[in-house]
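Trainee: Pasting the sequence and the predicted model now:
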Amino acid sequence: MAEQRRPGATPPGFEPPEYQTDTSGNAPREGSTPAGNVLSSPPRPRVPAGSVPTAPGASSRPPAQGAPERRPVGPSPFLERRPASPEQRRMAQLPTEQLPPVAADRRSGPPVPSMDLAAVPMERRSAPPVPGMDMPSGVVEPQRRAAPPVPSIDMPPVPMERRLAPPVPSTELPPVPSERRSASAPAMASERRPTGSTQSRRAVPAAEGAGATGPRFWPTQPRSLADTGLTGSMVEELILKAIFYAGEMRGMDIANRLKLPTSIVDDILEGLRRQKYIDIRGGGGSGVGKSTMIYQLTTFATDVLRQILDRNRYNGPAPVSLQEWVDAVRKQTVRGNRITRQRMEDKFGDLIIRDYIFDGIGPAMNSGRAIFFYGPPGNGKTAICQGMVNCFDGEIFIPHAILIDDFIVRIFDANIHKPVEEEPGSQTYDRRWVRCRRPLVVVGGELTLEMLDLVYSPEVKYYEAPFQMKAINGMLLIDDFGRQKVSPKDLLNRWIVPLESDIDMLTLHTGKKVQVPFDVFAAFSTNLDPSALVDDAFLRRVRYKLEVQPPDEDLFHQIFEVMCQKRGVPYDSEMVQYLIDTHYKPVGRRFAACQPRDLLDQMIDMAYYRGMAPQLDADLIDSAVKSYFVRFDKDGPAR
């Protein structure tokens, strides 16, 4: 009779346990009736207290999902269905007293569900049986929560019908949460691990929240080339140009020039060395590793380097992508501030500001929109704008350069952007960005329309960002408006679209238009008649207008006292009144906020020239006024 093989009886890697062999040769052959009462009912199995016995011939209830199923203790009759040679059947058979009899009509039937080896976890199949457990194969050990497979008197088994019920509190068995009452102990252990990782991830926002008082955008340090947003060829070109301009460089110096981690630069250097574009000349400095090696170009890099320099000759930090810069500008916006009167008074320092000026510039700064200053010259319009920048929150990150369609645009300008000193132990960030204070860009009569677009240099073959692009997330002051070489009408037409939509359109030398953000607090200042400069369309887009009036006599005294304290000159109110009564009131001269500073500086210079200590003296005041106030007539000498 052909043997029937149970599906999945012998999975790969499964080693059956050791069995006791009967060397007497009396083991029954498969397919024949063995000696003794084989077809009689098997002896009643020993069932632990609290469990439900499984009737013979009936399939046992499958364990709860996720619960570890225990292998039957003792030898199983299904393992005897493995194909074996006559000699193996004669030498290896289980004793009859340990083998539960199985009905003949079940030998060829479907396997018992509880004994299906396919349901046994793979990691438990090769485990040896627990010694000393003589239990029939038809009984499934009930599930125990957080208990080892060996039965224990301290933790009684849980009946099948009570596995999904709320646990009974016990001193030895703590209650299980309701969402895990149907889970087994290994499943519960696997669920605790994600909980711990979630708690560690929640600590990251706490660290970020601690730094939220600083910049609102923090560029993370890239760990791979993909994190930089650059291609490998772009970094290779930057490395070859850096070595070319320097002659030879160490690996760490190259990484410092490109502002990239040494791990990324070392991988690119190794690739260039395999291509025979660079070679190692030797080690330099202390330390071991690629970062201390000195690299130089080979003759194979001559043609490649010539093609690179024909495209662009930018030699500096690696650029960031355009989209990354746009996202940073959006997060560091100058719009929507919450600036109060008290904060403004603290940020303007010793600058004396009238109440109406605070009330005029405060709402304009909270909106982030444009403001228009007008009034006579010398009354502090530029100084007010410089104090306004200090009122904005936090610092910002400005990239050294950005990449637009394989063209490099340099943004960081050391003359405009003021870096912030690094604090010890501060959080690391991508060094392609510079942490700076919010910029203030001031342009005057030298402004032209060409300066408001990308400036392409044919010699170096890369772009310089225009003034409004360098003032992003800061303030742009158009001083002396109306005195530029370009007509005020053309200049205003250039600003209408950016002021309305917060978007500026720039043009590449190839003719392509590029859309960039215009997140700038723009201020226009003029000492000319506004009615001759601006029209209704411009006034509608510039919502805030403020006239900066000249100081009165009392304010003139206050400004003089503040300037004397700054210059270290003893203040004398009688001498200041002498200046007003002698040189202002008789001729009808108007006060200006800049006059105390200018007159005092001239008196200090004359005092040093005469060999005396700087002081408010009538003779020094007369000499300073004679040199400072001069009126030129067309038909006569200067007065």
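Mentor: Now that the structure is in, tell me what you want to look at. Residues are numbered from 1 along each chain as shown.
Trainee: Distance check, Val235 against Ser525.
Mentor: 44 Å (C-beta to C-beta, to the nearest Å). Where you see a C-beta, it was placed from the backbone N, CA and C, and this is true even at glycine.
Trainee: where do the helices sit along the stretch 501-639 of the chain?
Mentor: 536-541, 553-567, 573-583, 595-610, 618-628 (DSSP state H, counting those that start in this stretch).
Trainee: Spell out the residue ranges of the strands in the stretch 351-500 of the chain.
Mentor: Listed in chain order, the strands found in the stretch 351-500 of the chain under DSSP state E, counting those that start in this stretch are 371-374, 396-399, 401-404, 407-410, 433-436, 440-443, 455-457, 462-464, 475-478.
Trainee: For these, give me a markdown table that also has mean pLDDT, distance to Asp502 and mean neighbour count.
Mentor: Listed next are the strands of the stretch 351-500 of the chain as a markdown table, based on pLDDT from 0 to 100; distance: least, C-beta to C-beta, whole Å; neighbours: other C-beta atoms under 10 Å:
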| stretch | mean pLDDT | distance to Asp502 | mean neighbour count |
| --- | --- | --- | --- |
| strand 371-374 | 91 | 16 | 24 |
| strand 396-399 | 95 | 17 | 25 |
| strand 401-404 | 95 | 18 | 22 |
| strand 407-410 | 95 | 19 | 22 |
| strand 433-436 | 95 | 21 | 20 |
| strand 440-443 | 91 | 17 | 20 |
| strand 455-457 | 90 | 22 | 14 |
| strand 462-464 | 94 | 22 | 21 |
| strand 475-478 | 91 | 13 | 24 |
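Trainee: elements contacting the helix or strand where Ile308 lies?
Mentor: Per DSSP states H and E: Ile308 is located in helix 302-311. Secondary-structure packing of helix 302-311 (3 or more C-beta pairs under 8 Å, 6 or more residues apart in numbering; DSSP states H and E): helix 232-246.
Trainee: got a list of contacts for the helix it packs on?
Mentor: With contacts defined as C-beta atoms under 8 Å, 6 or more residues apart in numbering, helix 232-246 is touched by 225, 228, 249, 253-254, 257-258, 260, 264-265, 268-269, 271-272, 277-278, 295-297, 301, 304-305, 308-309, 313-315, 318, 403.
Trainee: Give me the buried stretch members for that helix, please.
Mentor: For helix 232-246, burial by neighbour count (16 or more other C-beta atoms under 10 Å) applies to Met234, Val235, Glu236, Glu237, Leu238, Ile239, Leu240, Lys241, Ala242, Ile243, Phe244.
Trainee: low pLDDT regions in the stretch 301-450 of the chain?
Mentor: Residue ranges of the stretch 301-450 of the chain with pLDDT under 70: none are present.
Trainee: So which residues of it form helices?
Mentor: 302-311, 322-331, 341-347, 355-367, 381-389.
Trainee: relative to helix 381-389, how tilted is the fourth one?
Mentor: In terms of direction (axes from the mean of the first three to the mean of the last three C-alpha atoms, to 10 degrees), helix 355-367 departs from helix 381-389 by 50 degrees.
Trainee: Buried residues, helix 355-367. List them.
Mentor: Neighbour counts over helix 355-367 (16+ other C-beta under 10 Å) mark Ile357, Gly360, Ile361, Gly362, Ala364, Met365, Ser367 as buried.
Trainee: which pair in these spans the largest distance?
Mentor: Ile357 and Ser367 (16.5 Å; C-beta to C-beta).
Trainee: did I read that right, Ile280 in a strand?
Mentor: Yes. Under DSSP: H, G, I helix; E, B strand; the rest coil, Ile280 falls within a strand.
Trainee: May I have the predicted confidence score for it?
Mentor: On pLDDT, Ile280 comes in at 90.
Trainee: So what's the residue count around it?
Mentor: Applying other C-beta atoms under 10 Å, we find 13 residues neighbouring Ile280.
Trainee: Now Gly474, what are its backbone angles?
Mentor: phi -140, psi -140 (degrees, to the nearest 10).
Trainee: what's the closest residue to it other than its chain neighbours in contact with, if anything?
Mentor: Taking C-beta to C-beta, 6 or more residues apart in numbering, and ignoring the residues beside it in sequence, Gly474 has Pro439 as its nearest neighbour in space, at 3.7 Å. When contacts are counted by C-beta under 8 Å, 6+ apart, Pro439 touches Val389, Ile398, Ile416, His417, Lys418, Lys470, Ala471, Asn473, Gly474, Met475.
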